[in-house]
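Chemist: Starting from these lines, generate the structure:
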Amino acid sequence: MSRTIHEIFSAQAARTPRATAISAGDIRLTYGELDERTNRLAHYLQSLGVGPDIPVAVLMRNSPEVVISFLAVLKAGGFYLPLHTAYPRDRQQWIMDHSGATVLLTDHAMRQCGTPAAMDVVIVAADPAAGSPRHAPQSQADGDTLAYAMYTSGSTGQPKGVAIGHADTVALALDPCWEGGRHRRVPMLAPHAFDVSVYEILVPLLHGGCVVVPPGGTLEIGGLRRFLKEQEITAVHLTAGLFRVVAEEAPDSLAGVREVLTGGDVIAPGAVARVLSVCPDLVIRALYGATEATVFSTHAPLTAPYVAATTVPLGRPMDGVETYVLDERLDRVPAGVVGELYLGGAGLARGYLGRPDLTAERFVANPFGGAGDRMYRTGDLVRCSGDDAMEFAGRASDMVKILGFRVELAEIEAVLSAYRGLAHVAVVARDAGMGDKRLVAYVVPEDDEPDPAELRDYVRQALPEYMVPAAFVVIGKLPLTANGKVDRDALPLPDFKSASAYTAPSDVTEEALCALFAEMLGLAEVGVEDNFFDLGGHSLLGMRLLSRIRAELGVELAISRLFDTPTVVGLARAVRAAARTARA
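Modeler: Presented below is the predicted three-dimensional model:
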């Protein structure tokens, strides 16, 4: 069997050259066309010096060009380095500088917004390689060569780049759990800088299926329902939070899908039960994994009839993956006893780019394997039942999951600590109910009390939106435990309220929206000028809000509308305009 991703893809293209590989609105790219176009771009990249273990940054909106870029980089022998479009510019630049990437692949939209500095900036849609050879270029890449690197939140105050090789990526993409034809049409919903994109792109392409690119922007519940049905999607990945929202608001929207993948955080058993009661022919595959272990390491297929338990199991290891539940001395713990989960075998990352110290800390020698074998310390606490199935029991570190993204609280604290006038800071993740978590920052000023709005803007300039605390609480001092550590359990609960004076609704539309805002945010009262996100809202709550607006007011709004006008008065204008359009 071929050991590199691009060799397997090219072999598939040779078998099914006329089959559709990518579908994006009216655009269709066959395997043959995709193979040829990526060959040409790969030749061009090699002329820019791309080769084995050379990074190529990719910054663009989700589109066919993302897939073209990834495959072309691999064919050139390099590894792709996706940059999240929502990252602040300084963070994007830091990642490029730290990785040593000198080539940036982008699109017209991102170029107009402004891109990080690079020696060579290539707009892929402009087809800069039109005159390059159509045959596959010579490449020295093999199974041990890096395929991609993704930067995740880091406990040291800077993101860390997880470096994954071809062989480990191939092991995931060709795992037997994807067989059976359920992954023929898979949508590319995740940001391409999120590791789930590895599944969404490579699993269908290496099995002769089709990657379906949705229309631009985040899909709200109504849009997701139409998209899944119209595009005849067979399998879709939804983060645990989004899966819960779909289960509560529109479980029937998954009726035509054959398999739903979910994970990235604790999965609500009630959500699984609700979806399977409405869609009894569906397979829900609960997944657990880490970027450091090539996306997914364990899986548990859930089918009807399903009786909700207290937790959803992590399942069993994927092919070649080894799991160890160990105590502090790296001894195995008995069944039913909580221990820390270590991963070994297939899928382990090479380590962190440019961080041998951090690599040695998280990737340790495997006492149960052969010479040179390693384990990855996940920081997650689990327990094994008598049948060897695992269930999640908590986290051993300050790493949390927010909206499906891994967040190191220490990184946020490091950014806040640089704000002038703060003596001490602490960041915690508070349970907001319904499985949601909200980041709360506690700050101790040196003298004058800081403005929470200024603190929020300061953090937003350095960190992506999902890492910006929903509340900033000013306190006199941080409570400490007996051994001198911050007593996070003793920190006061935040009071989510508007910084502006209350303004009452002026008509029935504003009155209905104020009630919906308050219900979604768990508040007694919301005024028409209050900002949904300043009150602790986030994208998943926003999707639930728009679903309720559709049900109660008969108007469907895009999620982008909420981001543009996150107040009651702003949404009320949009509701009235949509109603007038519908009547016309």
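
Chemist: Can you pull out the low-pLDDT segments for the stretch 151-300 of the chain?
Modeler: For the stretch 151-300 of the chain, the stretches with pLDDT under 70 are 155-156, 217-219.

Chemist: any idea where the helices of it begin and end?
Modeler: Taking DSSP state H, counting those that start in this stretch as the criterion, the stretch 151-300 of the chain contains helices spanning 166-173, 196-205, 221-230, 240-249, 269-278.

Chemist: Of all those, which one comes closest to Thr85?
Modeler: Nearest of those to Thr85, taken as Cβ to Cβ: helix 196-205 at 12.6 Å. Backbone N, C-alpha and C define where each C-beta goes, glycine included.

Chemist: helices and strands around that closest one, which ones?
Modeler: With contacts taken as 3 or more Cβ pairs under 8 Å, 6 or more residues apart in numbering; DSSP states H and E, helix 196-205 sits against helix 5-15, helix 64-76, helix 166-173, strand 185-187, strand 210-212, strand 235-239.

Chemist: run the last query once more with 7 Å
Modeler: Helices and strands in packing contact with helix 196-205 are listed as helix 166-173, strand 185-187, strand 210-212, strand 235-239; criterion 3 or more Cβ pairs under 7 Å, 6 or more residues apart in numbering; DSSP states H and E.

Chemist: Okay, angle between the last one and helix 221-230 too, please.
Modeler: It refers to strand 235-239. Counting by axes from the mean of the first three to the mean of the last three Cα atoms, to 10 degrees, strand 235-239 points 160 degrees away from the direction of helix 221-230.

Chemist: so who does Leu202 touch?
Modeler: 5, 169, 173 (Cβ atoms under 7 Å, 6 or more residues apart in numbering).

Chemist: Distance-wise, check it relative to Ala309.
Modeler: Distance of Leu202 to Ala309, given as Cβ to Cβ, to the nearest Å: 33 Å.

Chemist: ok, the nearest residue to Thr294 once chain neighbours are set aside - contacts?
Modeler: Residue nearest to Thr294 in three dimensions, not counting chain neighbours: Gly347, with 3.8 Å by Cβ to Cβ, 6 or more residues apart in numbering. Taking Cβ under 7 Å, 6+ apart as the criterion, Gly347 is in contact with 168, 171-172, 293-294, 297, 321.

Chemist: who wins for neighbours among those residues?
Modeler: Each of the contacts of Gly347 was scored by neighbour count (other Cβ atoms under 10 Å); the top score is that of Thr294, with 30 neighbours.

Chemist: Leu553: which of the helices and strands packed on helix 196-205 is closest?
Modeler: strand 235-239 (25.5 Å).

Chemist: What residues sit buried inside stretch 574-584?
Modeler: Residues of stretch 574-584 classed as buried: 574-575, 578 (neighbour count, 16 or more other Cβ atoms under 10 Å).

Chemist: Now stretch 127-141: average pLDDT?
Modeler: For stretch 127-141, the mean per-residue pLDDT is 89.

Chemist: what about dumping the CA coordinates of it to PDB?
Modeler: Extracted in PDB, the C-alpha atoms of stretch 127-141 (Å, rounded to 0.1, in the frame of the first residue of the first chain):
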ATOM      1  CA  ASP A 127      -4.300  29.600 -11.300                       C
ATOM      2  CA  PRO A 128      -0.700  30.900 -11.200                       C
ATOM      3  CA  ALA A 129       0.600  27.400 -12.300                       C
ATOM      4  CA  ALA A 130      -1.400  27.400 -15.600                       C
ATOM      5  CA  GLY A 131       1.700  26.800 -17.700                       C
ATOM      6  CA  SER A 132       3.200  24.100 -15.400                       C
ATOM      7  CA  PRO A 133       3.400  20.400 -16.400                       C
ATOM      8  CA  ARG A 134       0.300  18.400 -15.900                       C
ATOM      9  CA  HIS A 135       2.100  15.200 -14.700                       C
ATOM     10  CA  ALA A 136       2.900  14.500 -11.100                       C
ATOM     11  CA  PRO A 137       6.200  16.000 -10.000                       C
ATOM     12  CA  GLN A 138       9.000  14.000  -8.500                       C
ATOM     13  CA  SER A 139       8.800  14.000  -4.700                       C
ATOM     14  CA  GLN A 140      11.000  12.700  -2.000                       C
ATOM     15  CA  ALA A 141       8.200  12.500   0.500                       C
END
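
Chemist: which residues touch that stretch?
Modeler: Here stretch 127-141 makes contact (Cβ under 7 Å, 6+ apart) with 4, 10, 36, 39-44, 46, 51-52, 75-77, 122, 166.

Chemist: Out of the helices of the stretch 151-300 of the chain, which is closest to Glu519?
Modeler: Proximity of the helices of the stretch 151-300 of the chain to Glu519 was assessed by Cβ to Cβ; the nearest stretch is helix 240-249, lying at 12.9 Å.

Chemist: how many degrees apart are the closest one and helix 269-278 in direction?
Modeler: Relative orientation of helix 240-249 with respect to helix 269-278: 50 degrees, computed using the same axes, to 10 degrees.

Chemist: just the CA coordinates of helix 240-249, formatted as CSV?
Modeler: What follows is helix 240-249 as a C-alpha-only set of coordinates in CSV (Å, rounded to 0.1, in the frame of the first residue of the first chain):
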residue,chain,number,x,y,z
ALA,A,240,-20.7,18.1,20.5
GLY,A,241,-22.1,21.6,21.1
LEU,A,242,-23.6,22.0,17.6
PHE,A,243,-24.9,18.4,17.7
ARG,A,244,-26.7,19.3,20.9
VAL,A,245,-28.3,22.4,19.3
VAL,A,246,-29.4,20.4,16.3
ALA,A,247,-30.8,17.7,18.5
GLU,A,248,-32.9,20.2,20.5
GLU,A,249,-34.0,22.5,17.7
